[in-house]
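# task: produce atomic coordinates for the following.
(chains A and B)
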Amino acid sequence: MSFLEYQLKTVPTGASKILHVNWALVVLLIAVASTGFLMLYSVAGGRMEVWAEPQMKRFVLGMAVMLAVGFVPIWFWRNMAGLAYALSIVLLLAVEFFGSVGMGAQRWIELGPLRLQPSELAKVTLVMLLAAYYDWLDIRKTSRPIWVLIPVALIMLPTVLVLGQPDLGTALLLMTGGAVVMFCAGVSLYYFGAVASLLGGAVTAVFYSRGTEWQLLKDYQYRRIDTFLDPSSDPLGAGYHITQAKIALGSGGWAGRGFMQGTQSRLNFLPEKHTDFIFTTLAEEFGFVGAFSLLVLYTLVLAFCISSALQNKDRFASLVTLGIAATFFFYFSVNMLMVMGLAPVVGVPLPLVSYGGSSMLVLLAAFGLVQSAHIHRPR
Amino acid sequence: MRRSARDTEESARKITRRGLFLGGSMVAVVAVLGARMRHMQVDQADEFRLLAEDNRISIRLIPPARGLIHDRNGKLIAGNEQNYRVVISRDDAGNIDDVLNRLSGILPIAPEDFERALKEARRRSPLPIIVADRLKWEDVSKVAINAPALPGVTPEFGLSRIYPRDTDFAHVIGYVGPVSENDLAKLEEPDPLLQTPKFQIGKIGVETWMEENLRGKAGNRRVEVNAVGRVMRELGRQEGVAGSDVQLTIDADVQNYVQARLGEESAAAVVMDVQNGDLLAAVSSPSFDPNLFVRGISHTDYNALTGNDHRPLANKSVQGAYPPGSTFKMVTALAALEAGTATAATSVYCPGHYEVGGRRFHCWRRGGHGHVNLEQALTQSCDVYFYEVAMKVGIDKIAEMGRRLGLGMRHDIPMSAITEGLMPDKAWKRERYAKEWVIGDTVNASIGQGYVLTSPLQLAVMTARIATGTAVSPRLIQSVGGLPVPSPPAESLGLNQAHLAAVQNGMYSVNNTRRGTAYSSRVDDKALRMAGKTGTSQVRNISAAERARGVINNADLPWERRDHALFVGFAPFDAPRYAVSVVVEHGGGGSSVAAPIARDLLLRALSDGIPPASAYPASQRNRIDTMHRKLLLRDPDGTLPESSRA
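Numbers count the residues shown, from 1 in each chain, chains lettered A, B, ... in the order given. Sure, this is the predicted structure:
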């Protein structure tokens, strides 16, 4: 559908858009982010200026970006999808050559005061492009092999670049995010079945090849898998972090040890306590009540996004919204699975709570797309 | 592109179906997350809470203050001093080389300590490394002020042992040192305190024998530590119990006088209270500074001690076993008197030698003593008299008397390496050498030569028993933790008073008659008059060839082949209070070397301070006065006078 097809009188214009913003979603996002401020204040030992304050400033900026993006009509963003995707590919390539090395991987480039992590941007632009692609594609061609290969290629391009950084976590999020959009657009389930059984076979092969002459992975890679499966096998090495994270989480108990009373985080037993492992501090200090509440907040965010997507008759709008909701979902679920010892440590932040600039800005900009879709939905 | 309405409818329905499916899957994952949270935080919470507490709480022992050791008048012999040290923790230090370099600019760190700290640091041990020990308070404050430039460096303090009267008590109380593997292996259930770093336990002497009393009980503190083991705060503290103080029977000032009086001689002396057995002084010379061992003695110092032919490390007063020589003659005499084979009036003719079993035994005086009775024999130390008397009474009776008087047995006082000495008899020789006792053995034993071996402590006990007629035993510990240690009961020896008196009178004559071997070491003050017996024991056999050439003057022999000089005595004669024994290794004659020392020691024990000149014979007063002024005595507080510290 082009903008001409919208019934102009029903699509809000100008300042009246404010009334049509998905305010429930905004409130939820503020609630989630506030949890983050509280925890950042706590892990800094009761100091605002270390992490909480910069995080608040970025959140305010991010909210402004979200509303700005939201007020721009959704069809504009659909038309920009290709450009945005191309831009993020260029930036990924730029990172490859000019990027700064952080944590042993090239992940960001400095743009003046802004430190940009193009892989974060790529997650959103990939969803946009795929949504635009399926909006453009004749529905009947959706499951034809050639038309399936094109989006697969679109997904693989940034994935390969991100893997080369190397950033396995983001690469996985890119693939799953893209797969969700393809899934929702109606690509035949056979393709997904085929990919799933292929992956299953690969995993089986990797495990069965161990110790044989056609072993598929290096020994140290197997050891990493061992450590993940049984952290106690290496309690002072790689398993240390995950063991300590579990202790922090478990020791929180029902109601937690109290705000700023978490011994695991205060005494530095926790790794990366202000970024990837911040959830463990929340769980330690506020217990099951606190941790579960955050999970509920996240779930409500998802619920509002999905219901907005399903009510939206615009194909691009609902695919983008679903894709972003899925990306958001993968963020927090992988992070939580990781700190609870159910997934390997891959370095995925807890969305809107972990300390980190570009991830929050990009995520809020993505929620801007969700708002735009919501405001400008056909009525 | 235009689409048919049907297509649009169809696509919208598909999105809805798949969107709902997606949402459902998400809810399923969220449910797994929630269930896992519940499992860990509710079901397993207690386990994890324990693990968290285990992580953060560490229990550290607080070493108790070691008990002090005082002399009988409460003067400090072994104390504790604050000891400051600086430790570095490599986890907090960052670049440890840099920090150590900066630290060495502030502190006086010996180059070898610096190297050792660097080496330990490179070994990547997570434990803190001791960089400098025994620092002054000023140095530690310098470290505290510069703390920001010295990450990972922390000052610590603890107590360490100090012996203010260093050399005077090295042999009596010994010293403490770090716990060794050996020490731990000896104990069945070692006190966990022993495994704390830098803990010290008694190694020899009173310090080791009274270890249980002195050590005390460890306290503990529960501390919160962070991930790298640094202490964040104290959660609780249970104070330990300080070790009990120990009070010795030794008088520190008398001990100091004795030590100074023995000077550089290789000698030993014991001063003992004849009534209750209290040891007033037990000295072995030369001595050493026990503080060196507490700090960890250097190789140079240690080699100097072990290489010295005067054996400073040996505790000669209880460990040294010497032939008692003529000081043994009282034993022979008492054995004969008690057995009835001789009386005080028995007279023996001494032609200068004695022939028995085809062998000729000489008297020390080649010309002989003529007719001598017991008193004269003791006074002039006539050997032949005792040969004759011993032949009649036999060795077994003599040995029995020796044991009654405290020879050939271990006296139980808390000092290390106490010797039993040797009081030989027929059975002993049969067992030891599988040979029969021969007459010559008895002759030798009668004058304290041959197999007989005694320690200065035993000789003092013997003298005290002769002086009182009771079985006094030595006592070194007066009280522990304020509770008096009872003196061992001194029962009567059951000796005939007349026999005792005869021997005592003989000893009196030794000192107080012109022909007495110790007449020149008499006491002029009637109230303090002493009785005693000289002894000169051979450490070599005089061969017939030597004898033919004439006995060589002692002073012409190499030091280690000269005779030992001995003296035992007690005073005042009328109401005995103190017994003394003096052994000067290779010192020469008992009358010329040991007797003057013994007199000074007895007079010192009987007077308050340096013995008054009036106690000495008028002709000797100037010489004695000069000698006393030259003695290097400690000030009352235990420090040596300034002039001697050059």
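
# just give me the neighbour total for residue 223.
All of this is about chain A. Residue A:223: 15 surrounding residues under other CB atoms under 10 Å in any protein chain shown. Every residue, glycine included, has its C-beta placed from N, CA and C.

# the intended chain is chain B.
With other CB under 10 Å as criterion, residue B:223 counts 18.

# pLDDT score for it?
Looking at residue B:223, its pLDDT is 83.

# for the host helix or strand of it, buried residues please.
Here residue B:223, judged by DSSP states H and E, is contained in strand B:219-225. Under the neighbour-count criterion of 16 or more other CB atoms under 10 Å in any protein chain shown, strand B:219-225 has B:219, B:221, B:223-225 buried.

# where does the stretch 101-250 of chain A have low pLDDT?
Counting by pLDDT under 70, the ranges of the stretch 101-250 of chain A that qualify are A:101-115, A:228-238.

# looking from chain B, tell me which residue of it is nearest.
residue A:250 (2.6 Å; CB to the nearest CB).

# list the contacts of that residue.
B:40-41, B:44-45, B:47-49, B:51 (CB atoms under 8 Å, 6 or more residues apart in numbering or on different chains).

# now it, nearest residue through space, not along the chain?
residue B:48 (2.6 Å; CB to CB, 6 or more residues apart in numbering or on different chains).

# number of residues surrounding the one you found?
The tally of other residues near residue B:48 (other CB under 10 Å) stands at 21.

# what do you get for residue B:403?
With neighbours defined by other CB under 10 Å, the count for residue B:403 comes to 14.

# that older thread, what pairs with the strand holding residue B:223, and is each one parallel or antiparallel?
strand B:57-62 (antiparallel), strand B:231-238 (antiparallel) (DSSP bridges).

# identify all contacting residues around the last one.
Contact with strand B:231-238 is made by A:267, B:57-58, B:60, B:62, B:219-226, as judged by CB under 8 Å, 6+ apart.

# for stretch A:258-269, same thing?
Against stretch A:258-269 from outside (CB under 8 Å, 6+ apart): A:38, A:42-43, A:45-46, A:244, A:247-248, A:251-252, A:256-257, A:270, A:273, A:280-281, A:284-286, B:52-53, B:55-56, B:224-228, B:232.

# quick one: the strands in chain A?
Taking DSSP state E to define them, one finds strands in chain A at A:100-102, A:105-111, A:114-116.

# ok, now which ones touch residue 192?
All of this refers to chain A. A:179, A:183.

# switch to chain B, please.
Residue B:192 neighbours (CB under 8 Å, 6+ apart): B:61, B:218.

# go on, residue B:169?
So residue B:169 contacts B:77-78, B:163, B:250, B:252, B:255, B:290 (CB under 8 Å, 6+ apart).

# out of those, grab the one that's most surrounded.
Busiest of the contacts of residue B:169 [other CB under 10 Å] is residue B:250, holding 31 neighbours.

# what's the pLDDT at it?
Value for residue B:250, per-residue pLDDT: 94.

# need the three-state assignment for it.
Recorded secondary structure, residue B:250: coil (DSSP: H, G, I helix; E, B strand; the rest coil).

# next one: phi and psi at it?
phi -70, psi 140 (degrees, to the nearest 10).

# that one contacts residue B:283, correct?
No: counting by CB atoms under 8 Å, residue B:283 is not a contact partner of residue B:250; they are 9.6 Å apart.

# which residue is nearest the centroid of chain A?
residue A:331 (3.7 Å; CA atoms, centre = their mean).

# pretty sure that one sits against residue A:347.
No: if you go by CB under 8 Å, residue A:331 and residue A:347 don't touch, sitting 11.7 Å apart.

# please enumerate the strands of the stretch 351-500 of chain B.
B:353-356, B:359-362, B:370-372, B:477-480, B:483-484 (DSSP state E, counting those that start in this stretch).

# torsion angles phi and psi at residue B:533?
Backbone geometry at residue B:533, expressed as degrees, to the nearest 10, gives phi -150, psi 130.

# could you do residue B:503 as well?
The phi/psi pair for residue B:503 (degrees, to the nearest 10) is phi -70, psi -40.

# list the contacts of residue B:598.
Residue B:598 is in contact with B:269, B:521, B:530, B:532, B:567-569, B:580-582, counting by CB under 8 Å, 6+ apart.

# okay, those in JSON lines with neighbour count next?
Converted to JSON lines, the contacts of residue B:598 look like this (neighbours: other CB atoms under 10 Å in any protein chain shown):
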{"residue": "B:269", "neighbour count": "30"}
{"residue": "B:521", "neighbour count": "28"}
{"residue": "B:530", "neighbour count": "29"}
{"residue": "B:532", "neighbour count": "34"}
{"residue": "B:567", "neighbour count": "35"}
{"residue": "B:568", "neighbour count": "34"}
{"residue": "B:569", "neighbour count": "32"}
{"residue": "B:580", "neighbour count": "34"}
{"residue": "B:581", "neighbour count": "33"}
{"residue": "B:582", "neighbour count": "37"}
